[in-house]
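> sharing a model that was predicted from the sequence below.
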Amino acid sequence: MRTPFRSLLGGALLVAGSTAAIPVAYAQPTPDPRVGLKAGWFDAGEASWNLKLVSNTKNSEAFLNLSTPGDARLKNSDLAFSGNLVFQGNYSGWQVWDIGNPRKPKLRAAFVCPGSQSDVTVYGNLLFVSAEAVSGRVDCGLGGVQDEVSKDRARGIRIIDISDIEHPRSITTVQTCRGSHTNTLVTDPKDPENVYIYVSGSAGVRSNEELAGCSAANPDIDPNSSLFRIEVIKVPVKNPAAAAIVSSPRIFEGLGEAVRHADAAADRRERPAGAPARPSVAGRGGPTQCHDITTYPAVGLAGGACSGYGILLDIRDIKNPKRIYAAADTNMSAWHSATFSNDGSKVLFSDEWGGGTAPRCRATDKKEWGADAIFVRNGDKLDFKSYFKLPAAQSNQENCVAHNGSLIPIPGREVMVQSWYQGGINVFDWTDPDHAFEIGFFDRGPMDSTALVSAGTWSAYWYNGLIYGSEIARGLDVWELTPSEFITKNELDAAKLVKYAYFNAQEQPQAVWPAAFVVARAYTDQLARNSAVPKAWLTGVLAQLATAEKANGAKRAAALNTLAAQLDTDAAASPEAKRVTALSAVVKALAK
Amino acid sequence: MSARARLRVAVVASVTVTASLFGACASGSGGARSTRPLTPAQLAAQDGGIPPYTKADVAFMQGMINHHAQAVTMSSFADANGATSEVRVLAGRITVAQTDEIAFMKTWLGKRKQAVPAGDMEAMAHAPHAGMDMSNMSGAGTRASAGGMMPGMLTTAQMDTLKTAKGPAFDWYFLTFMIQHHRGAISMVDELMSAKGAANDDDVFKFVSDVVADQSTEIDRMELMLKTRSRP
């Protein structure tokens, strides 16, 4: 049967114009409203574009010292999500928010337990909290630990039973030599009895008098050195008290090869696993540790952001991650986090140059410093493509550098939300790894117009339809992404169909979209935006979809199967083959 | 306790907060224990937002300002002395990073009403240690002696060598001296961390951890860069 759609195929598709996969014009508001915002704590000026602030909720009273803006002991850190609960780390403990009504998040509980930076992950009834500072106490008490060697000190992973959210119970603290700056929860479908925690610590090694076996010596002097490794903790879900370190993979050992290039594009060094290791040098500095390790179990890989390297790990054997590849780049300093594209073919690494306390987004700061670097996987290698940085210059009073974010599950695109401390948050598209561009933002003015007071968004993550941000000094933010020329309502509605029971950003879940007409329309909207297929062809596809949606039962299935078959045929000739094939897959799923 | 402070405590007490996982084990520094332990915010309000710190913390910040200032001066020679672009990129980063860190340290000291060193090389040239020949000093693991230089700092002779070296020679001296300089900074952190009660202030802990992470990464990078260069 010849449909109007088919009749349009006589060559029209083949001569369709541009192969551009992204809009050409990235028009942003001019002048940029983020520049020159009024300073203030809870009354700072705000600017937004394609993002709407749904709510801002101040810290619990326990963590709010109104006499000192930005008190360093009361900084909020990372977020973890479970059902309607958001867990927010704080340098002095953590808070739990009920986000059943995101317009009015409700404080469920706040728990005092100093020991920065309290990055959190959650699994079932267990909360895992990173403790790194020398002031953290096993008993969660205030006042720090004065003695250099003390049995009271907690550096490692605190494991908390949260089955009664208002009455958490400390189960154990797994002590590690360097403490835990961050942690990654890793699950294994083949091993439901246990969960695993990858522990990254970047602080100094403690004395072996405090924790037996700790050693700050180089591995050539002491093979059991605490440097050049991460710790893997195994947590039996039914008996978490038995949690213990099961391996300490030395995933950075032997890294190093001469830097031979100077400028951005060529300035990379690459070293496949197995190449001869450089002799170790007495007194050698780094890299001795990782910051974030983002595991992506769906593809069996992890991205490690490790000192001067972005490394790719094979994690199919969770207890024994193995380095496959390491990329370095002299424009990158403190590799901080990794985010995979949904299909795992690309990786974005962020560089938190200076640790997040300095203003690195000034007009004088280079756009490739303190930014994101986007890589494409080429077999077991990583090919550098481009840098992306918050495009609005910030003031001297705003700490700003690349920090945590996550993908927004829009089918067919890499759209991401990211935090930039007092640079605010932004949403950007890195579908084309050579041309990332901003499509939305929210920003507040500095805490103080005359001095840099640390604050801003520590992390911003998409969770079940909204964006949640941990504001270091201003509590919990919730934003809604609004439709624009860059993101249609269909694309947003499709993203909202992806629901997670729980979410820890560093164990990246793969987005899978249910069969839904809105998912198909998200793809057709992208084809329309990209102008890569003839309008008439697209009109035909939309008409077919509309007809099928109105039909029922066998009629609907038949109409969808016909459309799918046509799409499969057309895909081969289309400059948007991948997207047309993805559309076909949705249509096929709808026919079932 | 002022009326205002009493009111604040009353407000805090009305909020559902479990102040400790382990009951009333937390107490303020020197305050009388009440049935309800202080929250971190109450404790912080008592000390005016200045967490407890030690003399070692203060001495470290004061010393590190001058230490950083020398690194900034060293980096300022790169462009004029014909460094390769690779070294200029590195020098540019060191300038930005350590200038920002000097500002942070000055703020930290100023808030605590401690002496804030100027952190400029002019002032340091007249300091007692100037002119001492410390060229045999490796930097790493060397502790500052009374009136002596801080670990890793360049002697006047080394500084003069760097200032006058050109092209490939400049690269070599810059990398060699900056590795020495960075290792010295790391040993200053090590020394601080071995002092009783040091770095319990979260700002200090975060700062020294970042210094070690950033500078050890740069040492690694500089060692690699040095491998392809020969001594002038």
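Sure thing, it's come through.
> just for chain B, where's the confidence low?
Along chain B, the model assigns pLDDT under 70 to residues B:1-36, B:121-148.
> secondary structure element holding the residue nearest the centre of it?
Nearest to the mean C-alpha position of chain B, by CA atoms, centre = their mean, lies B:Met64 at 4.8 Å. Secondary structure assignment for B:Met64, by DSSP states H and E: helix B:55-76.
> just A:Leu53 next, same as before
strand A:51-57.
> could you pull out the buried residues of that strand?
Judged by neighbour count (16 or more other CB atoms under 10 Å in any protein chain shown), strand A:51-57 contains these buried residues: A:51, A:54-57. Using the backbone N, CA and C atoms, a C-beta is placed for each residue, glycine as well.
> tell me the one of the residues you listed nearest chain B?
Nearest to chain B among the buried residues of strand A:51-57 is A:Thr57, at 13.4 Å by CB to the nearest CB.
> who touches that closest one in this structure?
Residues in contact with A:Thr57 (CB atoms under 8 Å, 6 or more residues apart in numbering or on different chains) are A:97, A:104-105, A:107, A:475-476.
> switch the buried residues of strand A:51-57 over to CSV; also include pLDDT.
Formatted as CSV, those follow (pLDDT from 0 to 100):
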residue, pLDDT
A:Leu51, 98
A:Val54, 98
A:Ser55, 98
A:Asn56, 98
A:Thr57, 98
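> out of the residues you listed, which two sit at the greatest distance?
Pairwise distances across the buried residues of strand A:51-57 peak at 17.2 Å for A:Leu51 and A:Thr57 (criterion: CB to CB).
> pull up the residues of the stretch 401-550 of chain A that are close to chain B.
Contacts of the stretch 401-550 of chain A with chain B, taken as CB under 8 Å from any CB of the partner chain, map to A:451-452.
> neighbours around the residue of the stretch 401-550 of chain A found nearest chain B, how many?
Relative to chain B, the nearest point of the stretch 401-550 of chain A is A:Ala451 (6.6 Å; CB to the nearest CB). A:Ala451: 16 surrounding residues under other CB atoms under 10 Å in any protein chain shown.
> also A:Lys38?
So A:Lys38, with other CB under 10 Å, has 12 neighbours.
> A:Leu527 versus the closest residue to it other than its chain neighbours, what's the distance?
Closest residue in space to A:Lys38, ignoring its immediate chain neighbours: A:Gly45 at 3.5 Å, by CB to CB, 6 or more residues apart in numbering or on different chains. Separation of A:Gly45 from A:Leu527 (CB to CB, to the nearest Å): 39 Å.
> for the residue in the stretch 1-150 of chain A that chain B sits nearest to, helix, strand, or coil?
Chain B sits closest to A:Thr68 of the stretch 1-150 of chain A, with a gap of 2.8 Å, by CB to the nearest CB. Put simply, A:Thr68 is coil when judged by DSSP: H, G, I helix; E, B strand; the rest coil.
> where does it land on pLDDT?
Listed pLDDT for A:Thr68 reads 91.
> ok, now which ones touch the nearest residue to it once chain neighbours are set aside?
Spatial nearest neighbour of A:Thr68, chain neighbours left out: B:Gly49 (2.8 Å); criterion: CB to CB, 6+ apart. B:Gly49 makes contact with A:65, A:67-68, A:71, according to CB under 8 Å, 6+ apart.
> circling back to that earlier point, of all the contacts of A:Thr57, which two lie farthest apart?
Spanning the widest gap among the contacts of A:Thr57 are A:Lys104 and A:Gly475, at 12.6 Å by CB to CB.
> who has more neighbours, the two?
A:Gly475 (23 against 12).
> I'd say the more buried one and A:Leu74 touch.
No - contact criterion CB atoms under 8 Å: A:Gly475 and A:Leu74 do not qualify, at 10.7 Å.
> common neighbours of the two, please.
Common neighbours of A:Gly475 and A:Leu74 are listed as A:Asn59 (criterion: CB under 8 Å, 6+ apart).
> can you pull the buried residues of the helix or strand that the strand holding A:Leu53 is followed by?
Note on strand A:51-57: by DSSP H and E, the next helix or strand toward the C-terminus is strand A:76-82. Neighbour counts over strand A:76-82 (16+ other CB under 10 Å) mark A:76-82 as buried.
> out of the residues you listed, which touch chain B?
Near chain B, taking CB under 8 Å from any CB as the test, no member of the buried residues of strand A:76-82 is found.
> as TSV, those with pLDDT would be great.
TSV is the format used below for the buried residues of strand A:76-82 (pLDDT from 0 to 100):
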residue	pLDDT
A:Asn76	98
A:Ser77	98
A:Asp78	98
A:Leu79	98
A:Ala80	98
A:Phe81	98
A:Ser82	98
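> for those, which one is nearest A:Val205?
Taking CB to CB as the measure, A:Val205 sits nearest to A:Ser77 out of those, at 22.4 Å.
> that closest one contacts A:Trp458, correct?
Yes - using CB under 8 Å, A:Ser77 is in contact with A:Trp458, at 5.6 Å.
> now the common contact residues for the two.
With contacts defined as CB under 8 Å, 6+ apart, the residues shared by A:Ser77 and A:Trp458 are A:470, A:472.
> endpoints of stretch A:181-190, how far apart?
In stretch A:181-190, first residue to last residue: 28 Å (CA to CA, to the nearest Å).
> now do that stretch: everything it contacts.
For stretch A:181-190, the external contacting residues (CB under 8 Å, 6+ apart) are A:78, A:117, A:119, A:121-123, A:128, A:130, A:132, A:157, A:194-203, A:291-295, A:297, A:302, A:315, A:318, A:504, A:506-507, B:209.
> just to be sure, A:Ala548 is in a helix?
Yes - judged by three-state DSSP, A:Ala548 forms part of a helix.
> next one: it from A:Leu542, what distance?
Separation of A:Ala548 from A:Leu542 (CB to CB): 11 Å.
> neighbour count: these two, which is higher?
Per other CB under 10 Å, whichever of A:Ala548 and A:Leu542 has more neighbours is A:Ala548, with 23 against 17.
> okay, now residue 89: neighbour count?
Just going to use chain A. Around A:Gly89 there are 28 residues (other CB under 10 Å).
> wrong one, I was asking about chain B
22.
> quick check: closest non-adjacent residue to A:Tyr461.
The shortest distance from A:Tyr461 to any non-neighbouring residue, by CB to CB, 6+ apart, is to A:Ser406 (4.3 Å).
> same check, this time on B:Gly63
Using CB to CB, 6+ apart and skipping residues adjacent in sequence, the residue nearest B:Gly63 is B:Met150, 5.3 Å away.
> contacts only, for the one you found.
Applying CB under 8 Å, 6+ apart to B:Met150 gives the contacts B:63, B:66-67, B:144, B:184, B:188.
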